[in-house]
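# pasting a predicted model and its sequence here:
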Number of protein chains: 2
Amino acid sequence: MAAESPTLPELRLALAPPDVEAPLAVAVLLADRNRAALLAIMRDGPHCVCELAAALDEHSNNVSNHLARLREAGLVRASRPAADTRRVYYERNEAACRAALAQLGTLLEPLG
Amino acid sequence: MAAESPTLPELRLALAPPDVEAPLAVAVLLADRNRAALLAIMRDGPHCVCELAAALDEHSNNVSNHLARLREAGLVRASRPAADTRRVYYERNEAACRAALAQLGTLLEPLG
DNA sequence: TCGATATATCAGCGGTGGGTGACACACTCC
DNA sequence: GGAGTGTGTCACCCACCGCTGATATATCGA
């Protein structure tokens, strides 16, 4: 459904829509205030869901839902430590976070 | 509307919701396929709206709208070059793009 | 076992934002 | 001036997504 223009300036080609799926997926994940805040809070170490929910003043089921999204993307890990088996602690996967930032770099950094 | 939990594990405080406005604004901008693709395409230099619209197979008014959003955020610049005063050429503001990536780094990079 | 706490999952609702179409404006060429 | 092209703006519609409430599961203490 493009506006067809028969004569584009100086016939500039290389006009295939670039593949932005990977950086787009990262941006969509970060484009929510609660998910962004969750990642920011967890920079100082692991936290359980109830802590994070209290910090954000949100229902824990909502926070759990956002954490699941981040976990599916690999940005955070969940564990139930032996010292506190009742709670689930989430922590950042720093390697994955670095990789995600690198993906965004494909949009925001200059070419090559 | 938080799930109030009277006894958080080991009284972990510092539970104020962090300020994520700036990186969030960047992420929201990038979290659209057309805007992400626009930034990616413009890495190889300035393009006019009709070129970009053709590349994305989108209506030019829609592309113009997305470019306006990017321009308001400072990520791109618009100009009407003397060689082709009929068209408006958009180019990336690399300094602003670097700054935007740095903002996202506050979410994805380790603390301090 | 029963109750309480913590987390997870899901259907349904409502607000937000992108696409579309109509229109206005700028510029060039005839 | 008038036609054609390129760009910008806006109201409207609709799909998508986050929040909510209900429910299920897990773990521990009494």
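That came in fine, so what should we check first? Numbers count the residues shown, from 1 in each chain, chains lettered A, B, ... in the order given.
# setting aside sequence neighbours, what's the nearest residue to the residue most central in space within chain A?
The structure's chain A has its C-alpha centroid closest to residue A:29; by C-alpha atoms, centre = their mean the separation is 3.7 Å. Once flanking residues are discounted, residue A:29 sits nearest to residue A:73: 5.6 Å by C-beta to C-beta, 6 or more residues apart in numbering or on different chains. For every residue, glycine as well, the C-beta is placed using N, CA and C.
# contacting residues for the one you found?
Neighbour list for residue A:73: A:25-26, A:29, A:96, A:100 [criterion: C-beta atoms under 8 Å, 6 or more residues apart in numbering or on different chains].
# farthest-apart pair in the residues you listed, please.
Largest separation among the contacts of residue A:73 by C-beta to C-beta: A:25 and A:96, giving 12.3 Å.
# so these two - more neighbours on which side?
Applying other C-beta atoms under 10 Å in any protein chain shown to residue A:25 and residue A:96 shows that residue A:96 carries more neighbours, namely 16 against 13.
# what bits of chain A have low per-residue confidence?
For chain A, the stretches flagged by pLDDT under 70 are A:1-14.
# bridging residues for residue A:47?
Assessed by DSSP bridges, residue A:47 has beta-bridge partners residue A:90.
# neighbours of it, how many?
23.
# that one and residue B:34, how far apart?
When distance is defined by C-beta to C-beta, to the nearest Å, residue A:47 is 36 Å away from residue B:34.
# just residue A:20 next, same as before
9 Å.
# between those two, which has more neighbouring residues?
residue A:20 (23 against 19).
# now do the same contact list for the spatially closest residue to the more buried one that is not a sequence neighbour.
Ranked by C-beta to C-beta, 6+ apart and with sequence neighbours excluded, the top spatial neighbour of residue A:20 is residue B:36, at 4.2 Å. Residue B:36 is in contact with A:20, A:23-24, A:27, A:107, B:30, counting by C-beta under 8 Å, 6+ apart.
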